[in-house]
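J.: output the structure for:
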Amino acid sequence: MSSPDFSLFQTSTHKHSLLHRAPSLIADGFLFVGGAAMALSLVWALISFINPTSTFDTIITYSTPQAPDFTYDPPEPTFYDDPTLSYSVGDAIQNWDEKRREWLRVHPSFGVGDRVVLVTGSQPSVCKNPVGDHLQLRLFKNKVDYCRLHGCEVFYNNVLLDPKGTGFWAKYPILRAAMVAHPEAEWIYWVDSDAIFTDMEFKLPLEKYKEHNLVVHGWWHMVKQQSWTSLNAGVFLIRNCQWSLDFIDEWASMGPQGPAQEKWGEIQRSMLKDKLYPGSDDQSALIYLLLKQKQKWGDKVYLESDNFQSYWLGVVDGLDNITKGYTEVDREMGKLRRRHGEKVSELYGEMREQYMKDKGMWRENVRRPFVTHFTGCEPCSGDCNPDYTWEDCWNGMQKALNYADNQVLRKYGFVHPDLLNSSLVTPLPFDYPA
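T.: Model (predicted):
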């Protein structure tokens with residue numbers, strides 16, 4: 001018997017027979033190709049007969065993933081056909097997760113995934129501050145710009161959906177209604193009108209929050225210390241699910257929509273010694289729920305302390321230095337200087353983020369703050385916190401808005417050379433800032 005190693009080099013009689021059959025195999029190959037070509041021609045002729053306007057490009061297009069179909073709403077009944085369904089806080093919705101799943105099943109073009117709807121708004125009336133409406137427009141533009149770059153939708157509300165829910169309590173009826181109106185959205189992203197996106201490239205790390213239903217800027221250790229500044233309820237993500245509907249009802253019950261707002265104000269004031277407002281406010285109410293009902297709600301709440309939002313006084317004076325740091329990064333990495341379409345901006349943002357992480361530059365006062373919140377400035381009324389002047393607020397908002405706008409305008413070939421001058425722009429040279 002030959003050894004296995006040696007047999008590899010021997011020519012078998014079977015291999016000789018294959019060599020003798022080679023001409024026959026080649027002929028069979030030509031027959032197969034010819035048959036396939038004829039079959040393709042028949043398919044093409046059939047398609048052309050059914051639809052004379054068909055082209056090869058349109059046939060290829062049929063195999064690509066479909067975009068959401070906004071013109072299709074099937075006749076099958078959904079939760080919208082239930083006359084008892086309410087959009088209002090306090091009117092409980094049962095089995096919301098199942099109802100959402102069923103709606104998505106009959107609207108398959110919307111698929112699954114982490115769709116985000118950003119919700120914001122302002123008061124119904126004209127601003128008292130002479131520049132208030134101008135600022136509201138610019139603040140709204142900032143949010144539209146961010147969502148255009150990242151594929152989220154925006155709902156801007158300027159009416160009270162519940163006459164009782166005024167001030168900071170006005171957001172909860174809006175959130176409830178937005179969840180019902182957008183079953184395709186996995187997340188509702190509330191952003192106060194006086195909060196500015198100052199890193200237009202930063203993408204919400206939704207995968208990080210996959211086990212949670214509410215994401216708020218804050219620190220658990222400060223919540224345990226019963227501090228009113230342990231978190232901020234002006235910017236948060238909330239999942240579109242039954243848990244969130246129940247949580248909003250509980251949260252809002254401590255405000256004017258509930259039966260005992262005055263009592264809740266006293267309870268919150270006794271619990272939070274640094275609380276500024278005498279009445280019940282939504283931030284204090286959230287802290288109360290995390291402290292007193294942590295077992296019920298706490299596991300699904302993520303207090304984010306890493307680049308979720310920043311207080312404006314600690315940001316605006318450093319924007320020029322942050323700009324210099326990013327400009328230096330662009331000089332070092334030629335790919336970031338390449339001109340590109342606005343629709344592919346996320347790619348360049350990811351490249352810059354990775355480069356800065358590798359360089360050890362991804363830290364506070366070097367990276368762009370994601371959201372800069374002008375808490376206490378009250379741009380519409382102008383009644384700012386007495387700890388600073390309106391001029392401080394005005395200049396700070398101008399700098400933050402123009403800083404964010406520069407990241408957008410760069411895609412269009414322009415830039416604000418002076419962050420305090422909103423009217424002036426200059427064209428950018430090719431390969432800037434080489």
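
J.: from what I can see Asp199 touches Glu353, true?
T.: No: between Asp199 and Glu353 there is no contact under C-beta atoms under 8 Å: 9.7 Å. All C-beta spots, glycine's among them, are computed from the backbone N, C-alpha and C.

J.: what is the neighbour count of Ser244?
T.: 21 (other C-beta atoms under 10 Å).

J.: on that earlier part again, neighbour count: Asp199 and Glu353, which is higher?
T.: Asp199 (21 against 16).

J.: and the strand ranked longest in the chain, how far out from the chain middle?
T.: Longest strand of the chain, by residue count under DSSP state E: strand 231-239. How far strand 231-239 lies from its chain's middle: 13 Å, per C-alpha atoms, centre = their mean, to the nearest Å.

J.: what mean pLDDT would you report for it?
T.: Strand 231-239 shows a mean pLDDT of 98.

J.: and the contacts of the helix or strand just after it?
T.: Proceeding N to C from strand 231-239, the next assigned helix or strand is helix 242-252, under DSSP states H and E. Residues outside helix 242-252 that contact it (C-beta atoms under 8 Å, 6 or more residues apart in numbering) are 89-90, 92-93, 95-97, 165, 169, 172-173, 175-176, 179, 188, 213-214, 238, 258, 282, 285-286, 289, 293, 297, 300.

J.: of those, select the buried ones using a ChimeraX command.
T.: Burial among these is assessed by 16 or more other C-beta atoms under 10 Å; the matching ChimeraX selection reads:
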select :89,93,96,165,169,172,173,175,176,179,188,213,214,238,258,282,285,286,289,297,300
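
J.: okay, now the closest residue to Asp194 other than its chain neighbours: neighbour count?
T.: Nearest residue to Asp194, sequence neighbours excluded (C-beta to C-beta, 6 or more residues apart in numbering): Phe374, at 4.4 Å. Residues contacting Phe374 under the criterion other C-beta under 10 Å number 25.

J.: state the distance from Phe374 to Trp394.
T.: From Phe374 across to Trp394, the span is 10 Å (C-beta to C-beta, to the nearest Å).

J.: related to what we said a few turns ago, which neighbours in the sheet does the longest strand of the chain have, and how are they oriented?
T.: If you go by DSSP bridges, strand 231-239 pairs up with strand 187-191 (antiparallel), strand 214-218 (antiparallel).

J.: what about the strands in the stretch 251-400 of the chain?
T.: Ranges of strands in the stretch 251-400 of the chain, per DSSP state E, counting those that start in this stretch, are 301-304, 310-311, 371-373.

J.: the longest one pairs with which strands, and in what direction?
T.: Going back to what we said before, that points to strand 301-304. Strand pairing for strand 301-304, using DSSP bridges, gives strand 214-218 (parallel).

J.: distance from the partner strand to the middle of the chain?
T.: Mean-position distance between strand 214-218 and its chain equals 14 Å (C-alpha atoms, centre = their mean).

J.: check stretch 348-365 too.
T.: Chain-centre distance of stretch 348-365: 20 Å, with C-alpha atoms, centre = their mean.

J.: not counting it itself, show me its contacts.
T.: So stretch 348-365 is contacted by 201-203, 318, 321-322, 325-326, 329, 332-333, 335-336, 338, 340, 366-367 (C-beta under 8 Å, 6+ apart).

J.: now intersect the residues you listed with the helices, please.
T.: In this view, these that belong to helices under DSSP state H are 321-322, 325-326, 329, 332.

J.: most neighbours among those, which one is it?
T.: Tyr326 (20 neighbours).

J.: now that residue: how far from Ile196?
T.: Relative to Ile196, and taking C-beta to C-beta, Tyr326 is found at 17 Å.

J.: could you pull out the strands for the stretch 51-200 of the chain?
T.: In the stretch 51-200 of the chain, the strands defined using DSSP E, counting those that start in this stretch lie at 116-121, 153-157, 187-191, 195-197.

J.: on that earlier part again, thought the residue nearest to Asp194 was touching Trp312?
T.: Yes: Phe374 is within contact range of Trp312, at 4.7 Å (criterion: C-beta under 8 Å).

J.: what residues do those two have in common as contacts?
T.: The contact lists of Phe374 and Trp312 share 396-397, 400, where a contact means C-beta under 8 Å, 6+ apart.

J.: nearest to Gly151, of the residues you listed?
T.: Ala400 (23.3 Å; C-beta to C-beta).

J.: just the pLDDT for the closest one.
T.: For Ala400, the model assigns a pLDDT of 98.

J.: go on, Lys164?
T.: We have a pLDDT of 85 for Lys164.

J.: and the gap between the nearest residue to it once chain neighbours are set aside and Phe168?
T.: Spatial nearest neighbour of Lys164, chain neighbours left out: Pro256 (4.2 Å); criterion: C-beta to C-beta, 6+ apart. Computed as C-beta to C-beta, the Pro256 to Phe168 distance reads 11 Å.

J.: just give the closest residue to Tyr288, not the sequence neighbours.
T.: Looking at Tyr288 with C-beta to C-beta, 6+ apart, the closest residue is Gln268, at 6.1 Å.

J.: so who does that neighbour touch?
T.: 254, 275, 280-281, 284-285, 287-288.

J.: closest one of these to Asp418?
T.: Closest to Asp418, out of all of those and judged by C-beta to C-beta, is Asp281, at 37.8 Å.

J.: got a pLDDT number for the closest one?
T.: Per-residue confidence (pLDDT) for Asp281: 95.

J.: most surrounded residue in the shared contacts of Phe374 and Trp312?
T.: Ala400 (26 neighbours).

J.: right, and it touches Ile196 too?
T.: Yes: counting by C-beta under 8 Å, Ala400 touches Ile196, with 4.7 Å between them.

J.: who touches both of these two?
T.: 372, 374.

J.: leaving out chain neighbours, which residue sits closest to Ala233?
T.: Of all residues not flanking Ala233 in the chain, Gln283 sits nearest, at 4.3 Å (C-beta to C-beta, 6+ apart).

J.: Leu272 now?
T.: Trp228 (4.4 Å).

J.: residues contacting that neighbour?
T.: Applying C-beta under 8 Å, 6+ apart to Trp228 gives the contacts 272, 274-276, 283-284, 287.

J.: farthest-apart pair in those, please.
T.: Counting by C-beta to C-beta, the most remote pair of the contacts of Trp228 is Leu276 and Ile287, 13.2 Å apart.
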